[in-house]
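> Structure for the following, please:
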Amino acid sequence: MHADRSSDATAGSLPLPVVTRAQVDQGTRLAYHRHPHHLIVWATSATVTVRTDARDRLVPPAHALWLPAGTPHALDVLQPGNSCTVAVDTVRCPITWSEPVGIVVTPLVRELIVHLDRNPHPGPTRTSVEALLLDLLEPTAGTRLHVPLPTDPRIRTIADALIANPADRRDLAAWGHEVGAGVRTLTRLFSNETGMTFARWRTHARMRAALTHLARGVSVGATARAVGYRKPGAFSDAFARVTGQAPSAWLPLEREN
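Prediction:
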């Protein structure tokens, strides 16, 4: 992990929010720790998993996670890239979320964070930008799109592989040969550890990956192929069932086809 600015060090010398940007390498792990301030963990181009006492949360590229102050958490980098964190003052923050929440990183939210990063010193304009940023934060559909990560090494191997390549179409029988477990065992483990069948978990993982492609302006057809669907119609139906929205709702305004 190569940080452009140390959040803990800077937070003590500048008013919050403090923005920290970093390049993160695949396999990087941060042990459990906590912060006295709220934290926005924004995976600008990386894919990270934030682990809390309650569960693991996947933060794919272009998505973010709100961590309330004092939340013990650890971090694993699944795919390398750039990341950004924003430390938020607990006293002046109007947000009352008491548990980690996935949040929408709209183009405006992104530009406000960039402005805070480029203008770290206090002033009337910065104060207004801070207030606007916090006012615009809202839960993302990805919060409802739960992709729980299992701990058993056999099905965790499968889960990590499908997150890295959601287009992988292997069934549990094929995965069983790779991880050394039978279909019945893997079926039971997926149900016990994720609360989902393997098929449902894979669908959720695919839809979570699809959100990233769509938000970047990738067409619905190309997104469908990228996450393992041969026909855009089948992908659109699955996406609507899981998220309650059409895929086109996630395309940037200038890219609706």
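
> Please give me every residue in contact with residue 232.
220, 221, 224 (CB atoms under 8 Å, 6 or more residues apart in numbering). C-betas here are computed from N, CA, C, even on glycine.

> swap the cut-off to 10 Å and go again
Residues in contact with residue 232 (CB atoms under 10 Å, 6 or more residues apart in numbering) are 219, 220, 221, 222, 223, 224, 225, 239, 247.

> and if you look at residue 190?
148, 150, 152, 155, 158-159, 172, 196-202.

> before we move on, the earlier item: of the contacts of residue 232 - the most surrounded one?
Greatest neighbour count in the contacts of residue 232, by other CB atoms under 10 Å, goes to residue 239: 29 neighbours.

> who's in contact with that one?
Contacts of residue 239 by CB under 10 Å, 6+ apart are 145, 203, 206-207, 210-211, 214, 220, 223-224, 227, 229, 232, 245-250.

> go again using 8 Å as the cut-off
207, 210, 245, 246, 247.

> So the first one: helix, strand or coil?
Read it as residue 207. helix (DSSP: H, G, I helix; E, B strand; the rest coil).

> what does residue 82 give?
strand.

> I'd say it and residue 46 touch.
Yes. Contact criterion CB atoms under 8 Å: residue 82 and residue 46 qualify, at 6.2 Å.

> Report the contact partners of residue 148.
Residue 148 neighbours (CB under 8 Å, 6+ apart): 55, 56, 193, 194, 195, 196, 201.

> Which of those has the largest number of neighbours?
Neighbour max across the contacts of residue 148 (other CB under 10 Å) = residue 201, 24 neighbours.

> that older thread, with respect to residue 74, which of the contacts of residue 239 is nearest?
Residue 74 has its nearest neighbour among the contacts of residue 239 in residue 207, at 25.3 Å by CB to CB.

> what about that closest one, neighbour count?
Residue 207 is flanked by 23 other residues according to other CB under 10 Å.

> Can you give me the distance of it to residue 33?
31 Å (CB to CB, to the nearest Å).

> same check, this time on residue 130
Distance from residue 130 to residue 33, by CB to CB: 25 Å.

> Residue 199: how many residues sit nearby?
Residue 199 has 12 neighbouring residues, counting by other CB under 10 Å.

> Go ahead and confirm residue 88 touches residue 16.
Yes. Contact status for residue 88 versus residue 16: in contact at 5.9 Å, counting by CB under 8 Å.

> Pull up the overlap in contacts between these two.
Contacts common to residue 88 and residue 16, judged by CB under 8 Å, 6+ apart, are residue 37.

> Done for today, thanks.
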